[in-house]
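S.K.: Curious how this folds, go ahead:
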Amino acid sequence: MTEEHITRITANHKEIILVGTAHVSKQSADQVKEVIENEQPDTVCVELDEQRFQSIQNENQWKDMDIFKVIKEKKASLLMMNLLISSFQKRMAKQFGIKPGQEMIQGIASAEEQGAELVLADRNIQITFARIWKNVGFWGKAKLMTAIMGSVISNEEISEEELEKMKSEDMLNSALTEFSRAFPKLKTPLIDERDQYLAQMIKEAPGEKIVAVLGAAHVPGILEEIKHDHDLDKLNERPPKSPVPKIIGWMIPVMIIGIIIATLLMNPAAGVQQIISWLLWNGSFSALGAALAFGHPAAVITAFMIAPLSSLSPALAAGWFAGIVQTYFRRPQVNDFERLSEDVYSFKGFKENKVTRILLVVIFSNIGSTIGTVIGGADVIRVFIQNLT
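M.R.: Prediction:
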């Protein structure tokens with residue numbers, strides 16, 4: 001058995017074998033099977049959390065998705081990001097004729113075959129996303145989404161030889177250095193904290209011999225972090241929500257309404273002009289967003305009518321209403337959910353799949369409403385200042 005990409009260490013009086021993998025490499029999946037069969041471990045740790053484990057176990061998860069619930073819980077953007085990331089991985093895996101995450105699937109299967117205990121060693125993906133979102137700030141979020149979209153729409157193919165080279169420590173450290181430079185605040189929750197979490201879970205795994213199946217990016221960090229003890233409860237904490245966005249979210253509509261009322265008292269004609277400006281800027285940009293997402297005409301009209309009102313309440317969003325109307329008139333079929341991860345990385349697929357169309361209507365309508373709020377609000381203030389002089 002080749003020892004390449006395998007690291008042996010001792011921690012907590014346990015023999016621990018780390019198998020560094022590339023998530024879409026057939027060689028990695030074969031090596032995982034070989035290591036577990038030869039080592040006969042007491043426990044197999046895999047770089048999965050419960051949510052991703054269930055996703056692997058239930059390949060028909062998209063069929064059970066409640067699109068209304070996604071919109072209501074404000075998860076349209078999060079679902080879209082998940083789809084973009086998973087589709088990129090799936091496209092690469094398809095290039096090599098394997099399932100995405102096959103090395104994890106193999107680890108699960110081999111653990112069962114050998115009678116070893118299975119430990120899901122990674123942190124909950126929702127907590128990781130929450131901590132990432134909290135860290136990167138507004139421009140970081142925009143930059144991150146742009147980078148993900150760029151990766152998805154790129155048609156560049158990667159050879160399996162190049163993929164295997166990515167697993168060498170020198171290349172890996174170089175990649176992480178570049179990654180840290182581009183997204184310095186992203187690396188902490190995505191890599192560093194998960195290294196700590198994975199290391200502690202592996203160290204606490206039952207039995208005397210542990211095989212851990214991990215993405216190669218985590219191996220150097222785990223080798224360092226496993227020397228220390230880490231508080232899993234602290235690493236599992238969701239970042240507290242700052243009251244500032246909520247306060248600002250209510251201050252803006254109160255200010256806009258107050259300015260319009262003040263203008264109406266000074267100059268009724270100017271006040272009416274403000275109201276019309278607010279209605280047109282908000283409604284037009286939100287409707288434009290829905291139209292750019294190829295929304296149903298009824299969804300476009302809904303975005304136009306709702307945006308001026310929803311912009312005055314942080315508890316509402318024009319995209320929710322437009323998305324619900326879009327769902328009513330273009331209800332997704334089972335085959336739309338089945339094709340979801342394939343359709344998401346082509347313009348034609350995005351346009352034709354009813355699920356992605358709904359998500360785009362929600363996101364674009366909200367973006368348009370935000371732009372309309374900024375422009376409309378500025379115009380309201382401009383008219384008010386003019387009438388002060």
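
S.K.: going forward, measure contacts between C-alpha atoms and count neighbours the same way
M.R.: OK.

S.K.: Let me know the distance separating G215 from A111.
M.R.: Counting by Cα to Cα, to the nearest Å, the separation of G215 from A111 is 18 Å.

S.K.: between these two, which one's more packed in?
M.R.: Neighbours were tallied for G215 and for A111 using other Cα atoms under 10 Å; the higher tally belongs to A111 (25 against 20).

S.K.: looking at it, the more buried one is touching T43, isn't it?
M.R.: Yes. The pair A111 / T43 is scored as a contact, 7.5 Å apart, by Cα atoms under 8 Å.

S.K.: Report the buried residues of stretch 27-35.
M.R.: When burial is assessed from 16 or more other Cα atoms under 10 Å, stretch 27-35 yields the following buried residues: 28-29, 31-33, 35.

S.K.: pLDDT (mean, whole number) over stretch 294-303?
M.R.: What stretch 294-303 shows for mean pLDDT is 94.

S.K.: for stretch 244-257, same thing?
M.R.: 84.

S.K.: Can you tell me what sits against it?
M.R.: Outside stretch 244-257, the residues that touch it by Cα atoms under 8 Å, 6 or more residues apart in numbering are 311-314, 377, 380-381.

S.K.: for stretch 29-44, same thing?
M.R.: The list of residues contacting stretch 29-44 from outside it, by Cα under 8 Å, 6+ apart, reads 1, 19, 21, 102-104, 106-108, 110-111, 114-119, 205-213.

S.K.: Downstream of the strand or helix carrying M255, the next helix or strand is which one?
M.R.: M255 belongs to helix 243-266 when assigned by DSSP states H and E. Remark: after helix 243-266, the chain's next helix or strand is helix 268-292, criterion DSSP H and E.

S.K.: For I148, report the pLDDT, please.
M.R.: 55.

S.K.: swap in P189?
M.R.: 81.

S.K.: residues contacting it?
M.R.: Per Cα under 8 Å, 6+ apart, neighbours of P189: 128, 131-132.

S.K.: For my notes, please list these in CSV and give secondary structure, pLDDT and distance to I301 for each entry.
M.R.: Output for the contacts of P189, formatted as CSV (DSSP: H, G, I helix; E, B strand; the rest coil; pLDDT from 0 to 100; distance: Cα to Cα, whole Å):
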residue, secondary structure, pLDDT, distance to I301
T128, helix, 82, 37
R131, helix, 81, 36
I132, helix, 74, 35
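
S.K.: Closest to Q274 out of the residues you listed?
M.R.: Proximity of these to Q274 (Cα to Cα) peaks at I132, which lies at 39.3 Å.

S.K.: pLDDT below threshold where in the stretch 151-300 of the chain?
M.R.: 151-185 (pLDDT under 70).

S.K.: run the last query once more with 90
M.R.: Of all residues in the stretch 151-300 of the chain, those with pLDDT under 90 make up the ranges 151-192, 215-218, 237-253, 293.

S.K.: Could I get the contacting residues of N12?
M.R.: Counted by Cα under 8 Å, 6+ apart, N12 has contacts K203.

S.K.: Can you tell me how far it is from P206?
M.R.: Applying Cα to Cα to N12 and P206 gives a distance of 11 Å.

S.K.: cool, L359 as well?
M.R.: Using Cα to Cα, L359 is found at 43 Å from P206.

S.K.: Same question for Q102.
M.R.: On the measure of Cα to Cα, Q102 and P206 end up 24 Å apart.

S.K.: tell me the angle the helix or strand hosting V325 makes with helix 268-292.
M.R.: Element membership for V325, per DSSP H and E: helix 318-329. Helix 318-329 runs at 50 degrees relative to helix 268-292, counting by axes from the mean of the first three to the mean of the last three Cα atoms, to 10 degrees.

S.K.: Name the residues of helix 318-329 that come out as buried.
M.R.: Using 16+ other Cα under 10 Å as the test for burial, helix 318-329 gives 318-327.

S.K.: for stretch 253-262, same thing?
M.R.: 253, 256, 259-261.

S.K.: Pull out the CA atoms of it and give them to me as CSV.
M.R.: The C-alpha coordinates for stretch 253-262 follow below in CSV (Å, rounded to 0.1, in the frame of the first residue of the first chain):
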residue,chain,number,x,y,z
PRO,A,253,-38.2,54.1,6.7
VAL,A,254,-39.1,56.3,9.7
MET,A,255,-36.8,59.0,8.3
ILE,A,256,-38.3,58.7,4.8
ILE,A,257,-41.9,58.9,6.0
GLY,A,258,-41.0,61.8,8.3
ILE,A,259,-39.3,63.8,5.5
ILE,A,260,-42.3,63.2,3.2
ILE,A,261,-44.8,64.3,5.9
ALA,A,262,-42.7,67.4,6.6
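
S.K.: now it, how far from the centre of its chain.
M.R.: A distance of 36 Å separates the centroid of the chain from that of stretch 253-262, by Cα atoms, centre = their mean, to the nearest Å.

S.K.: Need the residues that contact stretch 224-236.
M.R.: 11, 123-124, 127, 193, 195-197, 199-200, 203.

S.K.: Put the buried members of those residues into a ChimeraX selection.
M.R.: Applying 16+ other Cα under 10 Å to the contacts of stretch 224-236 leaves a buried subset, and the ChimeraX line that selects it is:
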select :123,124,127,193,195,196,197,199,200,203
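
S.K.: Cross the contacts of stretch 224-236 against helices and list the overlap.
M.R.: Per DSSP state H, helices hold the following members of these: 127, 193, 195-197, 199-200, 203.
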